Every structure is written in C-alpha cells, then in structure tokens.
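Chemist: any chance you can model this:
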Amino acid sequence: MIEGQWRAARALIGWSQTELAETIGVSVLTIKRLESGGRIVSEEMRTRAKAALEAAGVEFTNGDAPGVRLRRDPKGADEISRQIEALEHKISRIPRPAEPSPEAGMNLMRKAVAENDLRELRNRRSRNKTKRPPK
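Modeler: Have a look, this model is predicted:
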C-alpha cells in the first residue's frame, strides 16, 4: 500500500490519527510513521491498521489505480428506513418523566441512547443513498 492510501482511508471515514491509534492500540507517532511510509512500522501494525479501517467501512483498491473507497453497506436504504421507523416508534413510547425518580432517569437515558442510534441510522441511510453501485 502507498502512504496516500492510509491518509485517504482515515479521512474517508473522518478519523483523526489519534482515533486510529486508539482503535488499534498504538501511539500517534506510529500512525504518523505508517502514513509517511516509514519502514520502522511492523507488518503486524500495518495489518491491524488495515483491519480497523476495513471494519469501519473502507475498501482498499489496488492494482493499476491504488486508492480507497467506502464499502457499499449490505443493508439497503429501504432496510435502514424500516429500522428508523421502528426506532422512532420505540422513542415515542418512552414515557415522559412526571417527577424525578430512578425509573424516570433510566427512561431519559434509554431515550438518549435510542436517539443517538436513530441519528447513526439516518447518517448511514444518507451515505448509502449517495453511493454509486459497484461496476
């Protein structure tokens, strides 16, 4: 792999060098060396970095035109829309707290987690709709 692929892969999913380093359990300096083509980075670190980036949705392209692209999500936009509708329904059924209580606090937490999941699904659906189908 060429150095530019590492930087492009990381940028494609919006990760900083710190985020990639934390994900694979190495220092930021190791990521800097990796991206600059440093030969002091072990093959194991390269493999771990590649696996983490691929798990996050990056596909490395090689051959005549080395590069990176987002892997097409196996779940189509229609399936994601169904998941969004189910989650919206779940959120609407979480009762509003009438007064402070441990149960009310748990409901607020459940709602916040569900709303975060909903945001992630909407983002995934948006990315999926903008991707071109593979040739």
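
Chemist: who's in contact with residue 105?
Modeler: Residue 105 makes contact with residue 97, according to CB atoms under 8 Å, 6 or more residues apart in numbering. Heads up, the C-betas are built off the backbone N, CA and C, glycines and all.

Chemist: whoops, I mixed them up, residue 88
Modeler: Residue 88 makes contacts with residue 118, as judged by CB under 8 Å, 6+ apart.

Chemist: secondary structure element for it?
Modeler: helix 77-93 (DSSP states H and E).

Chemist: send me that helix as CSV with only the CA atoms.
Modeler: Extracted C-alpha coordinates of helix 77-93, given in CSV (Å, rounded to 0.1, in the frame of the first residue of the first chain):
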residue,chain,number,x,y,z
ALA,A,77,-31.6,2.3,2.3
ASP,A,78,-35.1,0.6,2.4
GLU,A,79,-34.0,-1.7,5.2
ILE,A,80,-32.4,1.1,7.1
SER,A,81,-35.6,3.2,6.7
ARG,A,82,-37.6,0.3,8.3
GLN,A,83,-35.1,0.3,11.2
ILE,A,84,-35.5,4.0,11.6
GLU,A,85,-39.3,3.8,11.7
ALA,A,86,-39.1,1.1,14.4
LEU,A,87,-36.8,3.1,16.4
GLU,A,88,-38.9,6.3,16.1
HIS,A,89,-41.9,4.3,17.3
LYS,A,90,-39.9,3.0,20.3
ILE,A,91,-38.8,6.5,21.2
SER,A,92,-42.3,7.8,21.0
ARG,A,93,-43.4,5.1,23.5
